[in-house]
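Student: sequence and predicted structure are below.
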Amino acid sequence: MKPKVRGVTVEELAKRLLEGMGFTVVEERKRIRKNDVDIAEIDLIAEKDGSLYAIEVKAGRISVTDIRQAYTNARLINASPLIICRGFADRSAKELAKELNIEVMLLPDYFLFVEPEEVINLMERSIINVLTRIIEPQVHKIDENELKLLKLFASCKSFPEAVKKSGMTASELRKLMNKLAQKGFEADPKKYSLLRLQSLITLLLYHLKTHTS
């Protein structure tokens, strides 16, 4: 059992933090077995933008040993390693994480000083904000040109891929994204995953409406 922050485990806080950032937690405390023997346990397994993550959750600062564990566990399920913690124990740990390309997500220090209900409410508000941004474009009417643009975004996993597939320059495509932003769509190429999700949902609803009307 993970240490608790006034009744709430660090693992539960980590899950809410991940969900607020767009991750989907698919398994918890996943045991890895080989030849009927337990060889490892992964705290959380999550997905985001089509990628799988093996996540280790630590209540304190991480050491070189923690980083090696996270890297090895991720390799066992062919996933990307991610650690949620309060920082690095020393410089060696930080350099090793960088060398092994391990993503490290820091738990905000204020989790130590607030009531669990306040933490949960904060996470719920984050999730609501994300869902609102996803759903917001549905209140607007989409014309045929915008529909074609959304199909492009839905079919491409990254902004550079969308630029290449569209035959436009990055600047030209950003201008079209800025026009879509007036209807609630994300316009920042760095947040392309949100724009793609908005596009997929819009196209799905458009398809359902077309075939039921």
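Tutor: Alright, I've got the coordinates. Numbering: from 1, shown residues only.

Student: what is the end-to-end distance of stretch 165-172?
Tutor: Using Cα to Cα, to the nearest Å, one end of stretch 165-172 lies 13 Å from the other.

Student: list the buried residues of that stretch.
Tutor: Neighbour counts over stretch 165-172 (16 or more other Cβ atoms under 10 Å) mark S166 as buried. C-betas here are computed from N, CA, C, even on glycine.

Student: and for stretch 20-36?
Tutor: 20, 22-23, 25, 30.

Student: so which of those are in strands?
Tutor: The strands, defined by DSSP state E, take in 25, 30 from the buried residues of stretch 20-36.

Student: of the buried residues of stretch 20-36, closest to E103?
Tutor: E103 has its nearest neighbour among these in F23, at 11.4 Å by Cβ to Cβ.

Student: show me the domain layout of this structure.
Tutor: 4-131, 140-212 (automatic domain parsing).

Student: returning to what we had before: going by distance to S166, which of the buried residues of stretch 20-36 wins?
Tutor: S166 lies nearest to G22 out of these, by Cβ to Cβ, at 24.4 Å.

Student: wait, isn't that closest one in contact with E186?
Tutor: No: the pair G22 and E186 does not pass the contact test of Cβ atoms under 8 Å, sitting 11.8 Å apart.

Student: which neighbours do those two share?
Tutor: Counting by Cβ atoms under 8 Å, 6 or more residues apart in numbering, the shared contacts of G22 and E186 are L194.

Student: so which residues of this protein form helices?
Tutor: Counting by DSSP state H, the chain has helices at residues 10-20, 64-76, 91-99, 116-135, 144-155, 159-166, 170-181, 192-212.

Student: in JSON lines: those, plus mean pLDDT.
Tutor: Formatted as JSON lines, the helices of the chain follow (pLDDT from 0 to 100):
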{"stretch": "helix 10-20", "mean pLDDT": "82"}
{"stretch": "helix 64-76", "mean pLDDT": "94"}
{"stretch": "helix 91-99", "mean pLDDT": "93"}
{"stretch": "helix 116-135", "mean pLDDT": "68"}
{"stretch": "helix 144-155", "mean pLDDT": "93"}
{"stretch": "helix 159-166", "mean pLDDT": "95"}
{"stretch": "helix 170-181", "mean pLDDT": "92"}
{"stretch": "helix 192-212", "mean pLDDT": "85"}
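
Student: so which of those gets nearest L82?
Tutor: helix 64-76 (7.6 Å).

Student: list the buried residues of the closest one.
Tutor: 64, 66-67, 69-71, 73-74.

Student: could you do stretch 99-107 as well?
Tutor: 102, 104, 107.

Student: okay, how far is it across that stretch, tip to tip?
Tutor: 22 Å.

Student: go through the buried residues of stretch 99-107 and name the one with the lowest pLDDT.
Tutor: Of all the buried residues of stretch 99-107, L107 has the smallest pLDDT value, namely 77.

Student: surely that one meets A14?
Tutor: Yes: here L107 lies in contact with A14, judged by Cβ under 8 Å, at a distance of 7.1 Å.

Student: so what sits against both of those two?
Tutor: Counting by Cβ under 8 Å, 6+ apart, the residues touching both L107 and A14 are I84.

Student: what's the separation between L107 and N73?
Tutor: 19 Å (Cβ to Cβ, to the nearest Å).

Student: one more: L13?
Tutor: 20 Å.
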